[in-house]
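S.K.: here is the input, now give the coordinates:
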Amino acid sequence: MKPIDILSQLAKHNIRVSVNGDKLSVDAPVGAVTAPLAALIRDNKPALMAFLTEQAGFVTEKVDARPLVASTRAADGVYPLSFAQKRMWFLDVLDKAGSQAPSGQYNLPMVYQVNGPFDVEIAERALCHIIEQHPILRSVIVEKDEEPCLKVLPDWQFKIERFDVCHLPVEQRETQAKGIAHGILSQGFALDSELMVRAGFVLMSDRADELSGILAIAVHHIAADGWSMGLLMNAFNSAYQALNKGQLPAPTKALQYIDFIAWQQRYLAGDNLARQLSYWQQQLDDAPMVH
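M.R.: Sure, this is the predicted structure:
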């Protein structure tokens, strides 16, 4: 039985085991450590101590010894992918191997139900501001030295695609508009040629006193996650409001995702990477191939 399995079994009985110097300490409610559990701990003491010591090394390692700082920008605009991005890129390639069209299952949606004054041109400028501020959103995936990499595009264009269903009977407009919005959100990205974000606006009513529509924005998961989509929504709201008042949107912080990639490349290198790979290979050694 692996140390992690033993600790999981002990935890079910509220038994906590820790290393204290050269001793293994056991903290448990009265009567929780039965004879079989005591024997389990005793027979596996060396393995438990080694495992807990290794875990303590992971926890106490000084990550802040390698602070996240702004990295040097590449002259050619090409950067390595993060480990998470490599995994996402591999899944995208794997999906394309089975079909000709890119999959939309990795799209992250952001949808606004518009009712009242709304300027699509200002919304477009707000999104362009965000894309300009975040290189990851204006990047494509290219190959360099047979490795997938990010290529930040120096020249790019972004437009909110316009749709109009005002010509339809009123009772059909919402259904049609939702269908169009769903198409915008579910359409796959060609990661080697498209920006990581797209948007479309479906106009449902253009009456001055009753303007309504749906603004649909999709971002590929390789450029964002659920948490950062919340930040993106806040940034869009702020930029739209500022531009609508004739003001310049506030710039974003200097650190970018490519700075995190550079930090990760430094941190997970050499012995540190080998140690973590060895740890997870051991933990997943008995895991089923399909689960």
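
S.K.: could you use CA atoms for every contact and neighbour count after this?
M.R.: Will do.

S.K.: what about the helices in the chain?
M.R.: If DSSP state H is used as the criterion, the helices of the chain fall at 3-11, 35-43, 45-60, 83-98, 120-133, 170-186, 226-244, 257-267, 270-283.

S.K.: how far out from the middle of the chain is the first one?
M.R.: This points to helix 3-11. If you compare the mean C-alpha spot of helix 3-11 with that of the full chain, they lie 31 Å apart, counting by Cα atoms, centre = their mean, to the nearest Å.

S.K.: got the contact list for Leu81?
M.R.: For Leu81, the set of contacting residues under the criterion of Cα atoms under 8 Å, 6 or more residues apart in numbering consists of Pro148, Cys149, Leu150, Ile261.

S.K.: let me have the residues you listed in CSV, extended by neighbour count.
M.R.: As requested, the contacts of Leu81 are arranged in CSV below (neighbours: other Cα atoms under 10 Å):
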residue, neighbour count
Pro148, 20
Cys149, 22
Leu150, 24
Ile261, 20
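
S.K.: related to what we said a few turns ago, for Lys144, find the nearest of the helices of the chain.
M.R.: helix 83-98 (13.5 Å; Cα to Cα).

S.K.: buried set for that closest one?
M.R.: Gln85, Lys86, Met88, Trp89, Asp92 (16 or more other Cα atoms under 10 Å).

S.K.: list just the nearest of those residues to Lys245.
M.R.: Nearest to Lys245 among those, counting by Cα to Cα, is Gln85 at 37.5 Å.

S.K.: which ones among the contacts of Leu81 lie within strands?
M.R.: Counted as lying in strands by DSSP state E, out of those, are Pro148, Cys149, Leu150.

S.K.: closest one of those residues to Ala35?
M.R.: Nearest to Ala35 out of the ones in strands among the contacts of Leu81 is Pro148 (Cα to Cα; 55.2 Å).

S.K.: got a list of what the closest residue to the closest one other than its chain neighbours touches?
M.R.: The shortest distance from Pro148 to any residue that is not its chain neighbour, by Cα to Cα, 6 or more residues apart in numbering, is 5.7 Å, and that residue is Val142. The contact partners of Val142, taken as Cα under 8 Å, 6+ apart, are Pro148, Cys149, Leu150, Lys151, Asp192.

S.K.: any idea how far the most centrally placed residue in the chain is from Tyr257?
M.R.: Centrality entry for the chain: nearest residue to the mean C-alpha point is Asp225, 3.0 Å, by Cα atoms, centre = their mean. To Tyr257, Asp225 is 12 Å away according to Cα to Cα, to the nearest Å.

S.K.: repeat for Asp5
M.R.: For Asp5 relative to Tyr257 (Cα to Cα), the value is 36 Å.
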